[in-house]
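Colleague: Okay, predicted coordinates and the sequence, questions at the end:
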There are 4 protein chains.
Amino acid sequence: MSQRSRVGIAGFTGYSGAELLRILKGHPDVDPVLLEHRAVSDSELPFGETAPRFPFTPEGLKDSGVELVFLATSLEVSIESAPMLLDAGLKCIDLSAAFRLRTLSNYTRWYNVEHPRLDLLTEAVYGLPEYFREVTKLARLVANPGCYPTAANLSLRPLIAEGVLDRAAGIVCDAKSGASGAGRKPLLKTHFCEVTENVSAYGVLYHRHVPEVLLTSDLQEYEFSFTAQLLPVHRGILETIYVRTMEPMSHSDLTAVYEKYYKDEPFVRIYPEGRLPDLSEVRLTNFCDIGMTVDPETRRVVIVAAIDNLVKGAAGQAVQNMNLLLGYDETSALL
Amino acid sequence: MSQRSRVGIAGFTGYSGAELLRILKGHPDVDPVLLEHRAVSDSELPFGETAPRFPFTPEGLKDSGVELVFLATSLEVSIESAPMLLDAGLKCIDLSAAFRLRTLSNYTRWYNVEHPRLDLLTEAVYGLPEYFREVTKLARLVANPGCYPTAANLSLRPLIAEGVLDRAAGIVCDAKSGASGAGRKPLLKTHFCEVTENVSAYGVLYHRHVPEVLLTSDLQEYEFSFTAQLLPVHRGILETIYVRTMEPMSHSDLTAVYEKYYKDEPFVRIYPEGRLPDLSEVRLTNFCDIGMTVDPETRRVVIVAAIDNLVKGAAGQAVQNMNLLLGYDETSALL
Amino acid sequence: MSQRSRVGIAGFTGYSGAELLRILKGHPDVDPVLLEHRAVSDSELPFGETAPRFPFTPEGLKDSGVELVFLATSLEVSIESAPMLLDAGLKCIDLSAAFRLRTLSNYTRWYNVEHPRLDLLTEAVYGLPEYFREVTKLARLVANPGCYPTAANLSLRPLIAEGVLDRAAGIVCDAKSGASGAGRKPLLKTHFCEVTENVSAYGVLYHRHVPEVLLTSDLQEYEFSFTAQLLPVHRGILETIYVRTMEPMSHSDLTAVYEKYYKDEPFVRIYPEGRLPDLSEVRLTNFCDIGMTVDPETRRVVIVAAIDNLVKGAAGQAVQNMNLLLGYDETSALL
Amino acid sequence: MSQRSRVGIAGFTGYSGAELLRILKGHPDVDPVLLEHRAVSDSELPFGETAPRFPFTPEGLKDSGVELVFLATSLEVSIESAPMLLDAGLKCIDLSAAFRLRTLSNYTRWYNVEHPRLDLLTEAVYGLPEYFREVTKLARLVANPGCYPTAANLSLRPLIAEGVLDRAAGIVCDAKSGASGAGRKPLLKTHFCEVTENVSAYGVLYHRHVPEVLLTSDLQEYEFSFTAQLLPVHRGILETIYVRTMEPMSHSDLTAVYEKYYKDEPFVRIYPEGRLPDLSEVRLTNFCDIGMTVDPETRRVVIVAAIDNLVKGAAGQAVQNMNLLLGYDETSALL
């Protein structure tokens, strides 16, 4: 059993960082500390926020007394900062993509970055607790999964592991995300007037999250067609996934496959026949909700998966990983 | 050449009817008349609206002097009203689904309605001008296409007609629509608080528009997987369509296929490589915009099509059909 | 000290009722029970909701074991139901306006209802804890304040009590509310397409909440001009209040007045000079945030007050009152 | 009578500039030309936009053949560019605040800019056609009014001119604007996630538009309390204005005052008793709609005025001014 801990948040002014703070303030055993890599004025914080602040430097970290740090920073800052944390003997949960992929070349191709630390790519644990819970408990460095890959992985891995999908049919994943997924930095594409009353497709077939999904879900042998679309909502991801089964399967057959993997999972919920999740069901929760419509005659299955991109898709899952790393109940602050 | 005409709108308080009025007021040769099938108070109309109003009865029609009537009414009202119009020697453009399908059994199955007029199902012209322009000019009764089928048809027909699609791969059409598509009648599903910050899937695989698409686009021999999703926007449809070609095709190969059909079409626009349409590009226009991302290596093509559901998906296309029926320039009031 | 309690929610499918359930599930000492006055199917509830359900009848109440009931029902249902609860020896917190006013004639005038229970109007405690905390602890029947009056009262009472306002200038309260304030029953005015991209004024000068504010805030001797406006947001109220002080007062003078009343209040926050609250600061919280801009030269003060209409404006304040009635810490489940 | 003209738009990628282009494309006698002060790629324009483009330089202007230029640019760029246009013998309609105020010191105070051209401040005509129509026809340089001042002026000037307002009571103008009013440049305050589900007050009492209103509406002798609030809408301004009359006046008394000024105005509409304008009534129109609620007993009047900030509040009014300058029908392209 673990005792009371201080944990740091770097990048706390961003949407994922602010969400981490919101969640951690409800945690019974943890005190969040804000780590500044630039001077932040009170007016940039929610009114009344009193969490202690320290510089995001080796000295600041020492003074802060934290034993674990969340990096809610850009990929570039995370690549630089993670080694500093590990060298200081601290655990690190990184919410960027900096340690999710396994080869240097993927970073050159998808992120236009020369990644200097193959050793850390090798060491980092991909923090999807439903599949990597035990290794996460032992990790120093956790690569917190991307939002799109979290929903895709949780929806697809059981079907792939059980071999029920018809490989010839391929997999289509039509994904839609709220604007907070694009970060808080002001960009034309996230200007209110560009987003409201609009929906736009981006990263069609060639999205950065595709290699992450392929690598982490054993999907490499399937043709995986992925499209990301920007929704006029603040938070939430809906993925509509089209697959074909090898044999005709009913809704209850598929439910049985999912239950084999998720029966005891606190944050994955499989919907009964006739009901599909939507964004409102998962808003501000750490749930990944999965529903299906099945046409046994043609062996087609449409899976609808919903998460809150800032919770199960980012900060909530990061806290879930923290609970594993520090020995708390995995659901603390999350139910 | 045609001369000045009066045309009637039944159902003018609904979203499609109001849009008809908006468009027709910009028409140089037509005067819109409002046909009331219940007493409508001024406060239900936009402020300052002065279009003449007549009862939607045989006498009212005669008094009004209209030669054509738009039915922006429910399927049930349209089934009842269209014969009255034809009997009175008037032309009719129906915006409901009442005359789009070709068999009585489809109405029993998809609309839970006993349709009494097989003769009119047979007579009605499916008013997609890009394909049925010439017969529309001669019609008495036009079945104005549904919003989803319009975008799907315009995106898929050239590819099917040219035989470039791999039938084995099937077609996935992931469609998203604004809330005006669900009509103006207050329902819980269109309550502001249910729609905002939400996206929900409905009619997965089994949507009423599926038979319409299949019947009208020669898609019967393809496996067509369709999902409709409700967006937190007032107007607009985006369809993301996943297909595979028989042979590897480049973006310009596909563009050539589309240009063969749409080169001279005023309302279909094919986007160049690297650009995809979104809802803002077509808002308040009669355009159907089509863009593509192509992966020749795997022969996958993702088509993104956008329309304004109230314009090209309803009232605009209806006015386009009116222009054909009455002998006006097809683009009048629409460009 | 109190022990574990069961409390009932009537009207749990409405927005206030659902919010009550959400808040109460986070309460350490209370178990919520759903009281059905019609059969409710599982699909009307959030997925996974397992709170026990009982009929909203004398027998159901007895079987349920509740000691207190929240009425998140219409005014009419509340007028009927409250006596049943009191007769059964239960405490009652009513979220409708049924017991907020003090005279029968006000109900005839503002709600078009013949109110049969003057005795209960007299008995009911107006549940604004910041002012009526002690009597609330002893009450059987609490009239939970309206959303607009809560923000107006908390903003104005200290200024009135201290006699700092210039009566000649009157008070202007320009109030804006999210659509959940209009209830969940589908109405044209809350249809998504009517609300989005719109703002509309209603109840200008003559709003039902005006008598409630006047009665409960000792404002009767001031000219109080109130306008309510419907915003395209789900939840939140912003009130912009224009007053003039008798003497020139600085921001810190006014802050001192507020601090005299709210220094120890857990749910009222006074902002420093140069900062004003907005809806995002109070979303999903029980805070009433108050900021000011002051022009001492002209003695003008503009007060900006923000609450979440479903929390401090309804369910959160109701739970605050429940905590008082049942002897729990007043902030339980609310911080 | 005037003949066909070419007119230029500088700043055409901004929201006002894009709106100018949209409106001018519907003008029967004018051809819009885009003036680039930086290289603009096709992808920054709406798809299919083919208006000719020229550099925004003396040579480019000469080559373009324009006789009038709209400056939809920043205040700084307008201060620099207007002299270039006038020197070239062109007429200029400036949509920024660069020539709206009449003293250099106001620019130092409100815009933090040293304005070098008192002569042009003196020469510029304030382009509110309802009041300055005749001088506008003769102008070289038109200062197009701000969005907030347009609605405030049109609402208040008749009441002030007729002397019906009680000066002792002051005037409260609670204004709300859509996010396009803040411009297209990406800023944190207009990030989708900051605006949606939010409303925030800014410029309380001390807004840049206050001196403009005071100067142009003869309001100097009234205490004018103004607050601007940012709404989660793309376009639209609603102003709720609280005044007191000297004598008791009924709705029809006030209507008579307004009709004296606006009876023949094509773009000002006075609403009948019981009806108030909202944003949807004026969306995409050049109307300023004005409604009132009156309480003769207390002499209070609440005025609700609505405009589309991009049309009557910017581009539409600018085209109205262009029609005056070039001798076209004042309503061309606007009704």
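Modeller: Sure thing, it's come through. Values in this document were obtained by computation on a predicted structure and should not be read as measured data.
Colleague: so which helix or strand takes in A:T240?
Modeller: In the assignment (DSSP states H and E), A:T240 maps to strand A:237-244.
Colleague: Kindly report the same for A:Y328.
Modeller: Here A:Y328 is assigned to no helix or strand, by DSSP H and E.
Colleague: now A:G163
Modeller: Using DSSP H and E, A:G163 sits in no helix or strand.
Colleague: Ok, A:M84 next?
Modeller: Assigned by DSSP H and E, A:M84 belongs to helix A:75-87.
Colleague: Tell me the buried residues in the helix or strand just after that helix?
Modeller: Counting by DSSP H and E, the next helix or strand C-terminal to helix A:75-87 is strand A:91-94. Of all the residues in strand A:91-94, those buried under the rule 16 or more other C-beta atoms under 10 Å in any protein chain shown are A:91-94. Placement of C-beta: from N, CA and C, glycine included.
Colleague: Of these, which is the nearest to A:R275?
Modeller: Nearest to A:R275 out of these is A:I93 (C-beta to C-beta; 33.5 Å).
Colleague: Tabulate the buried residues of strand A:91-94 (a markdown table), appending pLDDT and distance to chain B.
Modeller: Putting the buried residues of strand A:91-94 into a markdown table (pLDDT from 0 to 100; distance: C-beta to the nearest C-beta, whole Å) gives the following:
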| residue | pLDDT | distance to chain B |
| --- | --- | --- |
| A:K91 | 98 | 34 |
| A:C92 | 98 | 32 |
| A:I93 | 98 | 27 |
| A:D94 | 98 | 28 |
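Colleague: Take those residues and write them to a markdown table, including distance to D:P211.
Modeller: Formatted as a markdown table, the entries for those read as follows, by distance: C-beta to C-beta, whole Å:
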| residue | distance to D:P211 |
| --- | --- |
| A:K91 | 57 |
| A:C92 | 54 |
| A:I93 | 52 |
| A:D94 | 51 |
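Colleague: Tell me the backbone dihedrals of A:L104, please.
Modeller: Per-residue torsions, A:L104: phi -60, psi -40 (degrees, to the nearest 10).
Colleague: beta partners of A:C173?
Modeller: A:C173 has the following beta-bridge partners by DSSP bridges: A:F226, A:I241.
Colleague: And for A:V142?
Modeller: Residues in a beta bridge with A:V142, per DSSP bridges, are A:I93, A:V125.
Colleague: That one: neighbouring residues, count only.
Modeller: The number of residues packed near A:V142 is 29, by other C-beta atoms under 10 Å in any protein chain shown.
Colleague: For A:N106, see how far away it is.
Modeller: In this view, A:V142 and A:N106 are 19 Å apart by C-beta to C-beta, to the nearest Å.
Colleague: cool, A:D31 as well?
Modeller: With the distance defined as C-beta to C-beta, A:D31 ends up 36 Å from A:N106.
Colleague: And the residue of the stretch 51-200 of chain A closest to chain D?
Modeller: A:P186 (3.7 Å; C-beta to the nearest C-beta).
Colleague: So that residue is in contact with D:R184, correct?
Modeller: No: assessed by C-beta atoms under 8 Å, A:P186 is found out of contact with D:R184, at 11.2 Å.
Colleague: quick check: mean pLDDT across the helix or strand containing A:L215?
Modeller: Using DSSP H and E, A:L215 maps to helix A:209-216. Taken as a whole, helix A:209-216 has a mean pLDDT of 82.
Colleague: who touches the lowest-mean-pLDDT helix or strand in chain A?
Modeller: Within chain A, no helix or strand scores below helix A:209-216, which has a mean of 82 by mean pLDDT, DSSP states H and E. For helix A:209-216, contacts defined as C-beta atoms under 8 Å, 6 or more residues apart in numbering or on different chains pick out A:97, A:100-102, A:106, A:110, A:126, A:128, A:145-146, A:148-149, A:152-153, A:173, A:203, A:219-220, A:224, A:226, A:228.
Colleague: Sort out for me which of these are in strands.
Modeller: When DSSP state E defines the strands, the subset of these inside them is A:126, A:173, A:224, A:226, A:228.
Colleague: Now tabulate those residues in CSV and tack on neighbour count and distance to A:E49.
Modeller: Formatted as CSV, the ones in strands among the contacts of helix A:209-216 follow (neighbours: other C-beta atoms under 10 Å in any protein chain shown; distance: C-beta to C-beta, whole Å):
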residue, neighbour count, distance to A:E49
A:Y126, 22, 32
A:C173, 28, 38
A:F224, 19, 41
A:F226, 24, 37
A:A228, 23, 32
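Colleague: which one among these gets closest to chain C?
Modeller: Closest to chain C, out of all of the ones in strands among the contacts of helix A:209-216 and judged by C-beta to the nearest C-beta, is A:C173, at 22.1 Å.
Colleague: Local confidence estimate at that closest one?
Modeller: Looking at A:C173, the pLDDT reads 96.
Colleague: Also the one 5 residues further on?
Modeller: pLDDT for A:G178: 98.
Colleague: just the one 4 residues further on next, same as before
Modeller: As predicted, A:A182 sits at a pLDDT of 95.
Colleague: and it, how far is that from B:R100?
Modeller: For A:A182, the distance to B:R100 - C-beta to C-beta - is 39 Å.
Colleague: okay, the two: which has more neighbours?
Modeller: For A:A182 versus B:R100, the count of surrounding residues by other C-beta under 10 Å is larger for B:R100: 25 against 18.
Colleague: just checking, the more buried one touches B:Y126?
Modeller: Yes: with contact defined as C-beta under 8 Å, B:R100 reaches B:Y126; the gap is 6.4 Å.
Colleague: any common contacting residues for those two?
Modeller: B:143, B:145, B:216.
Colleague: okay if I get these as TSV plus neighbour count?
Modeller: Formatted as TSV, the shared contacts of B:R100 and B:Y126 follow (neighbours: other C-beta atoms under 10 Å in any protein chain shown):
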residue	neighbour count
B:A143	30
B:P145	31
B:T216	23
